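Engineer: Need coordinates for the below:
(2 chains)
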Amino acid sequence: MIKTDILIIGAGPTGLFTVFEAGLLKLKCHLIDALPQPGGQCSEIYPKKPIYDIPAYPEILAGDLTDKLLEQCKQFEPSFTLGERAETIDKQDDGSFIVTTNKGTQHHAPVVAIAGGLGSFEPRKPLIHNIAHFEDKGVEYIIKDPEMYRNKKVVIAGGGDSALDWSIFLSDVAKEVTLIHRRNEFRGHLDSVEKVQDLKNKKKINLVTPAEVIVIVGDEKVKAVVVKQAQHIEKEFEIECDHFIPLFGLSPKLGPIANWGLEIEKNAIVVNNALDYQTNIPGIFAIGDVNTYPGKLKLILCGFHEATLMCQAAYQIINPGKRYVMKYTTVAGVDGFDGTRKEAPKAVVKAIE
Amino acid sequence: MEQDINIKITDREGVTHEIQAPTDMAMNLMEVVRSYELAPEGTIGVCGGMAMCASCQCYVLSDTQLPEMQDDEEAMLSEAFYVKDNSRLGCQIQMTPDMEGLEVELAPES
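Structural biologist: This is a model prediction of the structure:
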């Protein structure tokens, strides 16, 4: 069981900044995220896109913002459960919560802060009528362990970076890699596209375009896929394979959080914005894009503000009745849990003769 | 208002809405749909309008002259589902006076 003061669900910008604000109040944070890396949408969807409305940054790339936030909260030693989705929440007799992920990892905390953005990212599944039957029987939407493809015949579908990158990677691992895309053009980094071209020329990747997989063949396991190709004349044929990996990106879904008994409106969690961004369940807060209230704006900078106020309320729950006033970092400095201290240089006192 | 245009949007339930869209606020079709709340928040414009998610895919029903498709829109549509010949991404269609009379239908959520 992982124990912490504030359990943050979602490691996007709002969740990461919460770590810093909580740290100033000597509260420790643990973060759960369904994605394998911190940063949320900023890292997953648009790391190379600029953001222009982060205060004091005339322009910053979304990926760089994640790096800066991680650096800013580093001394408060956040811990992470990554690649797992928060599934259930159980309120304990003492008012604390146990949150369990889809992989069974348990987290215990007196305060839960949902900073889940638009939800957890789920793979987009292609519309193949019998695909559900083969899930985990040769169809995988996310590659978790590349070793499972060693010496296997693999068919990958998709036209973005993940389809290209995994085709390149698996061409060294699998017995045979076929990449199928609806168009001849790929939407990826230029060097990935060139690398696939090179591997195609060397016959290490079998490229089938413009085409799509329309049926999966097999009994208990995937044996082949039926491909429809539309070059010049339309034709259909089978490609024998052990694995079919459709990589069509991820789309966020509110997911299991929607069943936690929280008040939901417009796919978001209703909170008390006049006070502390608490939900209808005391001890559970919702901050950033995942919440809603009159006048709500889904902006990173609004998430930062919400996180800051939420931490003050969390302090009161965790330290009932204990006195505290907000301190300026310029005055008080920043004392990390790792023993580091940041502080303003002392003024020099020297007489003028 | 003078610079408003009239457009028809059929939502995912099949209901057609005749609405006015401003042309002077640099709005695109996806944002017009959101401003009238014709699709639930979180089901449209997920990526914010970067042609990176296809949640604003729509079918163009009128013969309105639309801006030419850019590479990123074409690439995104080639990976989206429920795509038809008249599919476009709403976030790539700017509201200009030329869009007067535009009729679209929102594609299913995927």
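Engineer: does residue A:164 count as helix, strand or coil?
Structural biologist: helix (DSSP: H, G, I helix; E, B strand; the rest coil).
Engineer: for residue A:110, what are its contacts?
Structural biologist: A:5, A:95, A:96, A:97, A:283, A:317, A:318 (Cβ atoms under 8 Å, 6 or more residues apart in numbering or on different chains). Just so you know, the C-beta spots here come from the backbone N, C-alpha and C atoms, and that holds for glycine as well.
Engineer: quick one: it and residue A:89, what's the gap?
Structural biologist: For residue A:110, the distance to residue A:89 (Cβ to Cβ, to the nearest Å) stands at 13 Å.
Engineer: Now for these two: what residues contact both?
Structural biologist: residue A:97.
Engineer: circling back to that earlier point, in JSON lines: the contacts of residue A:110, plus neighbour count.
Structural biologist: Listed next are the contacts of residue A:110 as JSON lines, based on neighbours: other Cβ atoms under 10 Å in any protein chain shown:
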{"residue": "A:5", "neighbour count": "21"}
{"residue": "A:95", "neighbour count": "11"}
{"residue": "A:96", "neighbour count": "18"}
{"residue": "A:97", "neighbour count": "19"}
{"residue": "A:283", "neighbour count": "19"}
{"residue": "A:317", "neighbour count": "18"}
{"residue": "A:318", "neighbour count": "19"}
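Engineer: Out of the residues you listed, give me the two with the largest separation.
Structural biologist: A:5 and A:95 (13.6 Å; Cβ to Cβ).
Engineer: ok, back up a step: filter the contacts of residue A:110 down to the ones in helices?
Structural biologist: Of these, the ones assigned to helices by DSSP state H are A:317, A:318.
Engineer: wait, which of the contacts of residue A:110 is closest to residue A:231?
Structural biologist: For these, with residue A:231 as the reference and Cβ to Cβ as the criterion, the closest is residue A:97, at 55.8 Å.
Engineer: Give me the spatial nearest neighbour of the closest one, chain neighbours excluded.
Structural biologist: Distance criterion Cβ to Cβ, 6 or more residues apart in numbering or on different chains; nearest residue to residue A:97, sequence neighbours excluded, is residue A:112 at 5.1 Å.
Engineer: Adjacent strands (with direction) for the helix or strand hosting the one you found?
Structural biologist: Assigned by DSSP states H and E, residue A:112 belongs to strand A:111-114. Applying DSSP bridges to the sheet, strand A:111-114 is found paired with strand A:6-9 (parallel), strand A:284-286 (parallel).
Engineer: which element follows the longest one toward the C-terminus?
Structural biologist: Pointing back at strand A:6-9 there. Going down the chain from strand A:6-9, the next helix or strand is helix A:13-24, by DSSP H and E.
Engineer: Is any residue of that next one near chain B?
Structural biologist: No - under the criterion of Cβ under 8 Å from any Cβ of the partner chain, helix A:13-24 makes no contact with chain B; the nearest approach is 13.8 Å.
Engineer: hmm, stretch A:56-65 touching chain B?
Structural biologist: No - using Cβ under 8 Å from any Cβ, stretch A:56-65 stays clear of chain B, coming no nearer than 10.5 Å.
Engineer: Get me the contact residues on chain B for chain A.
Structural biologist: Near chain A, when you scan chain B using Cβ under 8 Å from any Cβ, you find B:40-43, B:46-47, B:50, B:52-53, B:55, B:71-72, B:74-76, B:78-79, B:81-82, B:110.
Engineer: Of these, grab the buried ones for ChimeraX.
Structural biologist: Restricted to buried positions by 16 or more other Cβ atoms under 10 Å in any protein chain shown, the ChimeraX selection for those reads:
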select /B:41,42,43,46,47,50,52,53,55,74,75,76,78,79
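Engineer: related to what we said a few turns ago, what's the closest of the contacts of residue A:110 to residue B:97?
Structural biologist: residue A:283 (53.1 Å).
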